[in-house]
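Engineer: okay, structure incoming, though there's no sequence with it:
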């Protein structure tokens, strides 16, 4: 249950402010006098979270490479879950084969292998980037994929799609790490996760049904245009512009002549992305937003 109360901000000395926390709230999260707390500022609001001095456990797991496809999935799952070190039990030649396949999806890892041993180590040590920067890379890669789709440059399309999948996994890894460190609010994380899943599904739908493009050129080109606009709206910091863009996309979808299940699916996904943009506005600007709470 969410509670809300109004408190006056107090002044401490010349440069600090204070707010009193209700005791029942502190008790519910295990906070007591003398404890340290973490303060998170995202540019528009301040969040207070309990702080622990215990460092997050560095997970160290073991994976057997007896079934290569299954082992590959386990390694990718370990990466997304934020694991840094994975011990691998395999023959040296088998390890090299699976590491080549793994590098297609996760390029940034180090292989510590011994030809005379059956126990090796894979270390996922990627350069950290903030979530907005990763989203911008995903946007530019998505745009490039759609442009190659229109121009029918399928060789370049495949290369761009591989890069998109690398960014997708990297984004998931960073999102989970940020959640674990309380650097992002759960509501925002859910929105971002839904957004990236919708974008991925859109890209996959376009690529897997590219043979339909010649028969539905007008519909596909319009949907590609709206897809680019919807992805861009997700990244806009200006909420007013984002909402206007999302609203216009939803209006434009009504004028698209949709005949196939392919176009119907793409239209649905574009609308879901636009709805996320509208939902973000409702949550972040409630009670003062001209779009949803106009003055009467």
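Structural biologist: Okay, I see it. The structure presented is a predicted model; accordingly, all values stated were derived computationally and were not measured.
Engineer: hang on, residue 186 packs against residue 179?
Structural biologist: Yes. Applying C-beta atoms under 8 Å, one finds residue 186 in contact with residue 179, separated by 7.2 Å. To be clear about C-beta, it is placed using only N, CA and C from the backbone, and glycine gets the same treatment.
Engineer: neighbour count winner among these two?
Structural biologist: Between residue 186 and residue 179, residue 179 has the larger neighbour count (other C-beta atoms under 10 Å), namely 17 against 9.
Engineer: excluding chain neighbours, what is closest to the more buried one?
Structural biologist: Nearest residue to residue 179, sequence neighbours excluded (C-beta to C-beta, 6 or more residues apart in numbering): residue 189, at 5.4 Å.
Engineer: okay, that neighbour: pLDDT?
Structural biologist: In this model, residue 189 is scored at 87, pLDDT.
Engineer: surely it meets residue 172?
Structural biologist: No. Using C-beta under 8 Å, residue 189 makes no contact with residue 172, being 10.8 Å away.
Engineer: what's near enough to touch residue 80?
Structural biologist: 169, 172-173, 176 (C-beta atoms under 8 Å, 6 or more residues apart in numbering).
Engineer: one more time with 6 Å, if that's ok
Structural biologist: The neighbourhood of residue 80, defined by C-beta atoms under 6 Å, 6 or more residues apart in numbering, consists of 169, 172-173.
Engineer: all strands for the stretch 51-200 of the chain, in order.
Structural biologist: Using DSSP state E, counting those that start in this stretch, the strands assigned to the stretch 51-200 of the chain run over residues 60-64, 85-89, 110-112, 119-123.
Engineer: which helices and strands does the third one pack with?
Structural biologist: Contact here means 3 or more C-beta pairs under 6 Å, 6 or more residues apart in numbering; DSSP states H and E; on that basis strand 110-112 packs against strand 119-123.
Engineer: tell me the strands beside the strand it packs on, with direction?
Structural biologist: Here strand 119-123 is paired, per DSSP bridges, with strand 85-89 (antiparallel), strand 110-112 (antiparallel).
Engineer: let me know the average pLDDT across the last one.
Structural biologist: By that I understand strand 110-112. Averaged across strand 110-112, pLDDT comes to 87.
Engineer: picking that back up, could I get the strands of the stretch 51-200 of the chain as JSON lines with mean neighbour count?
Structural biologist: Compiled in JSON lines, the strands of the stretch 51-200 of the chain are given as follows (neighbours: other C-beta atoms under 10 Å):
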{"stretch": "strand 60-64", "mean neighbour count": "13"}
{"stretch": "strand 85-89", "mean neighbour count": "18"}
{"stretch": "strand 110-112", "mean neighbour count": "12"}
{"stretch": "strand 119-123", "mean neighbour count": "17"}
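Engineer: would you list those in a markdown table and tack on distance to residue 244?
Structural biologist: Output for those, formatted as a markdown table (distance: least, C-beta to C-beta, whole Å):
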| stretch | distance to residue 244 |
| --- | --- |
| strand 60-64 | 48 |
| strand 85-89 | 46 |
| strand 110-112 | 46 |
| strand 119-123 | 46 |
